[in-house]
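In: Provided below for reference: sequence and predicted model.
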Amino acid sequence: MSPRTRKGRAVARRPMGRRRIRRPARRRQRGDDRLTGLLVAAVIAVALVVAVVNWLLAHWWILAVVGVLAVLAGSGWLYHKHQQARWEAVRAQGLRFGLSQLDSLHHSRFEDVVRDLMHRDGCPDAVRVGGGGDLGADVKATDPYGRRWVIQCKHRRNGLAGSAVGTPDLQVLNGTARQVHGADVAVIVTNGRVTAPALKFAEQQRLHVVDRHTLAAWVSGSRPLWDLLRAVPPPRKPTRRLPGQGARPHSGRER
């Protein structure tokens, strides 16, 4: 082999040797850069934590407010779970309630009770529609005799000690039940009391009032609501009597 050839091969090997030496150096450099970045990030994170802790110590009342809110949220969650458990227990007893149970319910749960009682009485299409913009109807249902029921619910947490249902409440029902919702029977249900002028207005306008006493009879037994009210419109269609119903489907007693 000529000297010139050996010299060319030697020259060709040098760059390869240099590249092999540079690669580990570059890897080390990248590793160092990553470590430096992690250290900088850790320092910044620690600095932020210290700053936040110092700020909170200077504004300790915020911690107190957050703690109170957390306690309230936890209490609300536990109360909701407790109410749900009670609700399911009552449902398992065949939809019979005590007035104290009704008093403790949220107003939306009270509407659910009225809906389920109508369903129990034989109204398979009973539905709760209460909420913003309900136009005076919280529950709608069609009874086995073809009559359309529109029910407005007025729940009072303090029962008889709560505010009384007055004439303005009846006026809302009277203005929408038949004209807007097509009711044959317009009813207002409350676990509280009703003023004397409101009862007089209801009688004049052919509205039905279920006060606390009538409600107690309805929720504690198996008699349908139309057996507890008087002057209910006659059936729209003939139907077989359901088990547990009274002898007169469209008459009864209203208090």
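Out: Structure's in. What do you need? Nothing here was measured: the structure is a model prediction, and the numbers come from that model. Residues are numbered from 1 along each chain as shown.
In: convert the C-alpha atoms of stretch 149-164 to PDB, please.
Out: Once non-C-alpha atoms are left out, stretch 149-164 reads as follows in PDB (Å, rounded to 0.1, in the frame of the first residue of the first chain):
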ATOM      1  CA  TRP A 149    -105.600  18.100  37.000                       C
ATOM      2  CA  VAL A 150    -103.400  21.200  37.400                       C
ATOM      3  CA  ILE A 151    -101.900  21.500  40.800                       C
ATOM      4  CA  GLN A 152    -100.000  24.400  42.400                       C
ATOM      5  CA  CYS A 153     -97.800  23.500  45.400                       C
ATOM      6  CA  LYS A 154     -97.100  25.800  48.300                       C
ATOM      7  CA  HIS A 155     -94.700  24.300  50.700                       C
ATOM      8  CA  ARG A 156     -94.100  25.800  54.100                       C
ATOM      9  CA  ARG A 157     -91.200  24.500  56.100                       C
ATOM     10  CA  ASN A 158     -92.800  25.700  59.400                       C
ATOM     11  CA  GLY A 159     -96.100  24.100  58.600                       C
ATOM     12  CA  LEU A 160     -99.000  26.000  60.200                       C
ATOM     13  CA  ALA A 161     -96.600  28.500  61.700                       C
ATOM     14  CA  GLY A 162     -95.400  29.500  58.200                       C
ATOM     15  CA  SER A 163     -96.900  32.200  56.000                       C
ATOM     16  CA  ALA A 164    -100.500  31.500  55.000                       C
END
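In: just the buried residues of that stretch, please?
Out: 149, 150, 151, 152, 153, 154, 155, 156, 159, 162, 164 (16 or more other C-beta atoms under 10 Å). Placement of C-beta: from N, CA and C, glycine included.
In: can you map out the strands along the stretch 51-200 of the chain?
Out: Counting by DSSP state E, counting those that start in this stretch, the stretch 51-200 of the chain has strands at residues 127-128, 139-142, 148-154, 185-190.
In: how about these in CSV, adding mean pLDDT and distance to residue 236?
Out: Formatted as CSV, those follow (pLDDT from 0 to 100; distance: least, C-beta to C-beta, whole Å):
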stretch, mean pLDDT, distance to residue 236
strand 127-128, 94, 19
strand 139-142, 96, 9
strand 148-154, 96, 9
strand 185-190, 97, 11
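In: tabulate these (JSON lines), appending distance to residue 81.
Out: Output for the strands of the stretch 51-200 of the chain, formatted as JSON lines (distance: least, C-beta to C-beta, whole Å):
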{"stretch": "strand 127-128", "distance to residue 81": "21"}
{"stretch": "strand 139-142", "distance to residue 81": "25"}
{"stretch": "strand 148-154", "distance to residue 81": "24"}
{"stretch": "strand 185-190", "distance to residue 81": "27"}
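In: surely residue 103 meets residue 190?
Out: No: judged on C-beta atoms under 8 Å, residue 103 makes no contact with residue 190 at a distance of 11.3 Å.
In: out of those two, which sits in the more crowded spot?
Out: residue 190 (23 against 19; other C-beta atoms under 10 Å).
In: quick revisit: looking at the strands of the stretch 51-200 of the chain, which is nearest to residue 30?
Out: Among the strands of the stretch 51-200 of the chain, the nearest to residue 30 by C-beta to C-beta is strand 127-128 (65.3 Å).
In: show me what that closest one is packed against.
Out: helix 107-120, strand 139-142 (3 or more C-beta pairs under 8 Å, 6 or more residues apart in numbering; DSSP states H and E).
In: show me how far the shortest one is from its chain's centre.
Out: Averaging C-alpha positions (C-alpha atoms, centre = their mean, to the nearest Å) puts strand 139-142 20 Å from its chain's average.
In: hang on, the earlier thing: format the helices and strands packed on strand 127-128 as TSV; extra columns: distance to residue 205.
Out: Compiled in TSV, those are given as follows (distance: least, C-beta to C-beta, whole Å):
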stretch	distance to residue 205
helix 107-120	21
strand 139-142	19
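In: tell me which of the ones you listed sits most buried.
Out: Of all those, strand 139-142 carries the top mean neighbour count, a mean of 22, counting by mean count of other C-beta atoms under 10 Å.
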